[in-house]
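S.K.: Just need the structure, nothing else, for what follows:
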Amino acid sequence: MKVEFSDRALLEVQRIDGSWRKRASSPDVFLDEFEELVRWIETTGVIGPIYDAKAKRQVHRLLLETSEYHVYLVRKSEELIVVVSIWGARRKRGPKL
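M.R.: Here you go, the predicted structure:
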């Protein structure tokens, strides 16, 4: 399974990783957890439950439990999954997708 990233998701990863790197006690938490999730998706093809059944495209969501971020994904084909956004799980609403 191939995993790609939208431009938006790439920017979000950089921003979130940058904020975690400022934490002296746990600078690698977010990026390590995110990379582990991507490897798991590449191996299993599992992208979690549907986040918004009313959306024009079927968006799925997985939780990074330690860093508390949701990863939003779209299956483009049998062999391609795209990460479209990463969003703080503590927020009261999800991202505009």
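S.K.: ok, and for the helix or strand containing residue 32, which residues are buried?
M.R.: Using DSSP states H and E, residue 32 sits within helix 29-44. Using 16 or more other CB atoms under 10 Å as the test for burial, helix 29-44 gives 29, 30, 31, 33, 34, 37, 41. Where you see a C-beta, it was placed from the backbone N, CA and C, and this is true even at glycine.
S.K.: which SS class is residue 57?
M.R.: Put simply, residue 57 is coil when judged by DSSP: H, G, I helix; E, B strand; the rest coil.
S.K.: How many neighbouring residues does it have?
M.R.: Counted by other CB atoms under 10 Å, the residues lying close to residue 57 total 11.
S.K.: Are there helices or strands packed against the helix or strand of the chain at the bottom of the mean pLDDT ranking, and which ones?
M.R.: Lowest by mean pLDDT, DSSP states H and E among the helices and strands of the chain is strand 50-52, with a mean of 85. Here strand 50-52 touches strand 59-64, going by 3 or more CB pairs under 8 Å, 6 or more residues apart in numbering; DSSP states H and E.
S.K.: now the strand it packs on, how far from the centre of its chain.
M.R.: 6 Å (CA atoms, centre = their mean, to the nearest Å).
S.K.: which outside residues touch whichever strand or helix holds residue 70?
M.R.: Element membership of residue 70, judged by DSSP H and E, is strand 69-77. Outside strand 69-77, the residues within contact range by CB atoms under 8 Å, 6 or more residues apart in numbering are 16, 30, 34, 37, 41, 47-48, 51, 57-64, 81-89, 94-95, 97.
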